[in-house]
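Colleague: sequence and predicted structure, then a few things I'm wondering about:
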Amino acid sequence: MASRRYRLAQRRRALGFSQEQFAEVLGIERSTVVRWEAGQTEPQPWLRPKIALVLQVSIDQLDQLLATAGSPDMSSDERLTYALEHPESADLIAVARLRERVHALDFRYDRVPSTSLLADAGQCLGQVGLLRAHTAISRVRRELVSVEAEGAILMGQLVWDASQRRDHATARIYFDRAIDAAQQLGDPVAEGLALLRKSFVALYGEKDARGGLNLAMQTAYATKRTSRVLTGLAVLHVAEAHAMLGRQHECEQALSDAERQLSRIGVTDAAIDLFSPTQYGRLAGSCYLFLDDARRAQPILESTASAAGQLEVASHRSWQPGAREREARRAR
């Protein structure tokens, strides 16, 4: 009775190939791949160098994959544990599990104190660095860089919050790490999000309106072709930075531009989860307060508060603990 070649199949999946894709690259039928992995047939000798090249293994390693049946696939947790013990074996399964862990921490960000997440987030980021330093597979390395960008943004937020928004330097280090990773990927959304978070540190932590203005403008430039949400939020903070500097004309121009961007948001926007209908009103009201024009700020803020209440009632939304804080922390 033929023994299934689980390790051969696992290596194929780890590199992101379906059986159809693997067969197409090799120029063969999918049924041939099925028979190989079922242990029913062997690849022809002349084809083995090409298989080894596609699977990014040596001929000897390929012979081991073909000669041993192995065992059924490990769970994603087991795969990650194995990869951390043998970093050169990192594959897309292990990376996907790391990404899931970062996402789970990000989901808890608004629900528990930031200090309780720091250790786990730092561990995930360290594991990303370990695997990235050892993997030789380009597709795996790219995914690791993507997880690094997400993890570094989260760490920057956690560090800043846990320090009660006093540790600006460490937060900036993490945001810069995320920006660097995003630029390596060519991912303007991740780059824009990290730049926007960095602008918050300048505006609300360091009280550096000029620095915050520059970073918010960089965000708007980076995301102008990819996310109206991020571009609109960035321009709102451009407006607020101008208000902090007492520049009413420039502030109002930026508010008008932000309103135009936010009015054109589509449901497929990459940053749609960051958008709230009340963001424009809250920031516009804040701008006029910075401009010492309470008369204009008051009706805007009152209208925004009323609209927020109506949205909550209309949607029958039950806010979970920390949800209001999350909106302020993430969208501000």
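Modeller: Happy to help now that I have it. Numbering: from 1, shown residues only.
Colleague: tell me which other helices or strands the host helix or strand of Ala222 touches.
Modeller: Per DSSP states H and E, Ala222 falls inside helix 209-223. Helices and strands touching helix 209-223, by 3 or more CB pairs under 8 Å, 6 or more residues apart in numbering; DSSP states H and E, are helix 188-200, helix 228-244. The C-beta positions use only the backbone N, C-alpha and C, and glycine is treated the same way.
Colleague: what residue ranges in the protein score low on pLDDT?
Modeller: Within the chain, the ranges that satisfy pLDDT under 70 run 1-2, 68-75, 308-332.
Colleague: for the residue nearest to Ala83 when sequence neighbours are not counted, give me its contacts.
Modeller: Once its chain neighbours are removed from consideration, Ala83 has its nearest residue in Ala94; the separation is 3.8 Å (CB to CB, 6 or more residues apart in numbering). Ala94 makes contact with 76, 79-80, 82-84, 131 under the criterion CB atoms under 8 Å, 6 or more residues apart in numbering.
Colleague: thinking again about what came up before, please identify which of the helices and strands packed on helix 209-223 is closest to Ser114.
Modeller: Among these, the nearest to Ser114 by CB to CB is helix 188-200 (13.5 Å).
Colleague: tell me the domain ranges of this structure?
Modeller: The chain breaks down by automatic domain parsing into domains covering 6-67, 75-186, 205-332.
Colleague: so which of those domains gets nearest Arg197?
Modeller: Counting by CB to CB, and looking across all of those, nearest comes domain 75-186 at 5.5 Å.
Colleague: related to what we said a few turns ago, with mean neighbour count and distance to Thr135 added, can I get the helices and strands packed on helix 209-223 in TSV?
Modeller: Compiled in TSV, these are given as follows (neighbours: other CB atoms under 10 Å; distance: least, CB to CB, whole Å):
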stretch	mean neighbour count	distance to Thr135
helix 188-200	25	20
helix 228-244	26	30
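Colleague: out of these, nearest to Leu47?
Modeller: The minimum distance between Leu47 and the helices and strands packed on helix 209-223 falls on helix 188-200, with 39.5 Å, by CB to CB.
Colleague: quick check: angle from that closest one to helix 209-223?
Modeller: Taking axes from the mean of the first three to the mean of the last three CA atoms, to 10 degrees, one finds that helix 188-200 is oriented at 170 degrees with respect to helix 209-223.
Colleague: returning to what we had before: turn the helices and strands packed on helix 209-223 into CSV, including distance to Asp106.
Modeller: Converted to CSV, the helices and strands packed on helix 209-223 look like this (distance: least, CB to CB, whole Å):
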stretch, distance to Asp106
helix 188-200, 12
helix 228-244, 17
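Colleague: okay, now the residue lying closest to Ser114 once chain neighbours are set aside: neighbour count?
Modeller: With CB to CB, 6+ apart as the criterion, Ser114 has its nearest non-adjacent residue at 4.0 Å, and that residue is Asp161. Close neighbours of Asp161, defined as other CB atoms under 10 Å, add up to 19.
Colleague: next: the one 3 residues further on.
Modeller: Counted with other CB under 10 Å, residues neighbouring Gln164 total 9.
Colleague: give me the residue at the spatial middle of this protein.
Modeller: In the chain, the C-alpha nearest the mean C-alpha coordinate belongs to Glu150, at 3.6 Å (CA atoms, centre = their mean).
Colleague: residues touching that one, list them.
Modeller: Shown here is Glu150, whose contacts under the criterion CB under 8 Å, 6+ apart are 99, 102-103, 106, 178, 190.
Colleague: which of those count as buried?
Modeller: Buried residues within these, defined by neighbour count using 16 or more other CB atoms under 10 Å: 99, 102, 106, 178, 190.
Colleague: does the fourth one touch Val147 like I think?
Modeller: No: look at Ala178 against Val147 with CB atoms under 8 Å: they stay out of range, at 10.9 Å.
Colleague: returning to that earlier point: with distance to Ala194 as new columns, can the domains of the chain be given to me in a markdown table?
Modeller: Shown next, in a markdown table, are these (distance: least, CB to CB, whole Å):
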| stretch | distance to Ala194 |
| --- | --- |
| domain 6-67 | 26 |
| domain 75-186 | 4 |
| domain 205-332 | 9 |
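Colleague: closest to Leu196 out of those domains?
Modeller: Distances from Leu196 to each of these were compared by CB to CB, and the smallest falls on domain 205-332, at 4.7 Å.
Colleague: how far does that closest one sit from the chain's center?
Modeller: Between the centre of domain 205-332 and the centre of its chain there are 21 Å (CA atoms, centre = their mean, to the nearest Å).
Colleague: what of stretch 36-47?
Modeller: 40 Å.
Colleague: all numbers from here: first residue = 38
Modeller: All right, first residue 38 from here; so that's stretch 73-84.
Colleague: next, the buried residues of it.
Modeller: 73-74, 76, 80.
Colleague: ok, now stretch 293-303?
Modeller: Using 16+ other CB under 10 Å as the test for burial, stretch 293-303 gives 294-296, 298-299, 302.
Colleague: and if you look at stretch 183-202?
Modeller: By neighbour count, with 16+ other CB under 10 Å as the criterion, the buried positions of stretch 183-202 are 183-200.
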